[in-house]
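[1] Model the structure of this input:
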Amino acid sequence: MSTPAPAWMNEDLRIFQSSVRRIFENEFVPRESRWLAQGYPDREVWRELGRLGLLCAGIPEQYGGAGGGFGHEAVICQEQFRAQLNSFSLNVHSNIVGHYLLNYGSEEQRQHWLPSMASGDTVAAIAMSEPGAGSDLQAVRTTAVADGDDYVINGAKTFITNGYHAELICVVAKTDRQAKGSRGISLILVDTREVEGFRRGRLLKKIGQRGQDTAELFFDNVRVPRRQLLGGEEGRGFAQLMEQLPRERLLIAIGAAAAMRRAIDETLEYVNQRQVFGQRLLEMQNTRFKLAEAHTQATVADCFIDRCIQGVIDGTLDVPTAAMAKWWTTQLHCQVVDECLQLHGGYGYMEEYPISRMYTDARVGKVYGGANEIMKEVIARDLERRFN
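    Sure thing, here's the model as predicted:
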């Protein structure tokens, strides 16, 4: 029995999906190997993405976006991960920073930044993680101290996606150094083209997603106008982060599910051609059972993800459900890709076979967006509340 199309996937979205898949495969996949070698994508790629309408798909047209909804953003995410295009993060640029601006930015901030993000003239990143603060955002040490009409920012950030090219960085910083825990955290918009004291560190070498420009960032007395505070009120940063995290974590889950399905398709094609002991590898019972398991797991994941996507569209997706989706799909993604690599035998360990890169690319899913251990804690706390 085939899985029925999800309710959120209407005819317009199916046409859009076909177009996005064709664009990624024809325009960007041929260049991915070069980006992997150099450790970052070409800057012009972002303007190409803008011209093709793939940036800020869910941002209203009045701010330069495509005027679509979360369904359009989900489709783009699915197709990017299905195509194994990991050298630029549309999720961070469009679906995270873009929506922080849309939801919390002043009208002036939205009009200033969103059109240039939609065109690709501005690349956006969000600077959360620090050398001593990853999943624990309450431990950030970067400060933004008020000085007249400016903030003076000092600190270091690491593991910053899109960090090599980013002209707009949404910086998570303490505006109240005396406040404890989550209090006193704010989000500050920094235009890297207009400030002194900002510098990029080394491009970080990773075991997977090697074309993604993940960088260290340093802020040494970086002075920005106080009007670049996001949300207009100091100390709201942590609440803003928490409000957006369900959506962000679901996007990670959407990518994991799409990549999982691609791994199964690649493996099915391989075992159908590979001859072992005089027969196709696909004819062997172990191969058939392993693929049956993987296909079942991926199908269950797809159904859960579709339910969560509908939740975003309806405005009902909550924090614990998004945490479930994030940890479970990324965990399952790693398991399925590992089984798929095993079915490739020694060839699965060779870089010329796509499954080898799928294997190393998958592993970070259990770490970024909040480590999976944190996801389980979020779910457990929600369960605990039932007794209080």
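
[2] Show me what counts as buried in stretch 206-223.
    Neighbour-count burial for stretch 206-223, with 16 or more other Cβ atoms under 10 Å as criterion, is recorded at 206, 209-217, 219, 222. To be clear about C-beta, it is placed using only N, CA and C from the backbone, and glycine gets the same treatment.

[3] quick one: which of the residues you listed is nearest residue 296?
    Within the buried residues of stretch 206-223, distances to residue 296 taken as Cβ to Cβ reach their minimum at residue 209, with 27.3 Å.

[4] Now do the same contact list for the closest one.
    Under the criterion of Cβ atoms under 8 Å, 6 or more residues apart in numbering, the contact partners of residue 209 comprise 86-87, 360-361, 364.

[5] Max pairwise distance over the buried residues of stretch 206-223: which two?
    Top of the distance list for the buried residues of stretch 206-223 (Cβ to Cβ): 210 and 222, 29.2 Å.

[6] rewinding a little: filter the contacts of residue 209 down to the ones in helices?
    360-361 (DSSP state H).

[7] Redo the contacts of residue 209 as TSV? Include neighbour count, pLDDT and distance to residue 18.
    Compiled in TSV, those are given as follows (neighbours: other Cβ atoms under 10 Å; pLDDT from 0 to 100; distance: Cβ to Cβ, whole Å):
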residue	neighbour count	pLDDT	distance to residue 18
86	22	93	22
87	23	94	23
360	15	97	29
361	23	97	24
364	20	96	29
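
[8] returning to what we had before: now, which of the buried residues of stretch 206-223 sits nearest residue 306?
    Using Cβ to Cβ, residue 209 is the member of the buried residues of stretch 206-223 that sits closest to residue 306, with 25.4 Å.

[9] Please, where are all the helices along the stretch 1-150 of the chain?
    With DSSP state H, counting those that start in this stretch as the definition, the stretch 1-150 of the chain shows helices at residue ranges 11-23, 29-38, 44-51, 70-82, 90, 98-104, 107-119.

[10] about what we covered before: what would the contacts of residue 209 look like in CSV with distance to residue 388?
    Below are the contacts of residue 209 laid out as CSV (distance: Cβ to Cβ, whole Å):
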residue, distance to residue 388
86, 42
87, 46
360, 42
361, 40
364, 35
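
[11] Just give me the closest of the contacts of residue 209 to residue 36.
    Nearest to residue 36 among these, counting by Cβ to Cβ, is residue 87 at 7.0 Å.

[12] Would you mind giving me the confidence score for the closest residue to residue 216 other than its chain neighbours?
    Using Cβ to Cβ, 6 or more residues apart in numbering and skipping residues adjacent in sequence, the residue nearest residue 216 is residue 201, 3.0 Å away. You'll see residue 201 listed with a pLDDT of 94.

[13] Next, count neighbours for residue 280.
    Under the neighbour criterion other Cβ atoms under 10 Å, residue 280 is assigned a count of 13.

[14] mind checking which helix or strand the nearest residue to it once chain neighbours are set aside is in?
    Spatial nearest neighbour of residue 280, chain neighbours left out: residue 272 (6.2 Å); criterion: Cβ to Cβ, 6+ apart. Element membership for residue 272 (DSSP states H and E) is helix 237-273.
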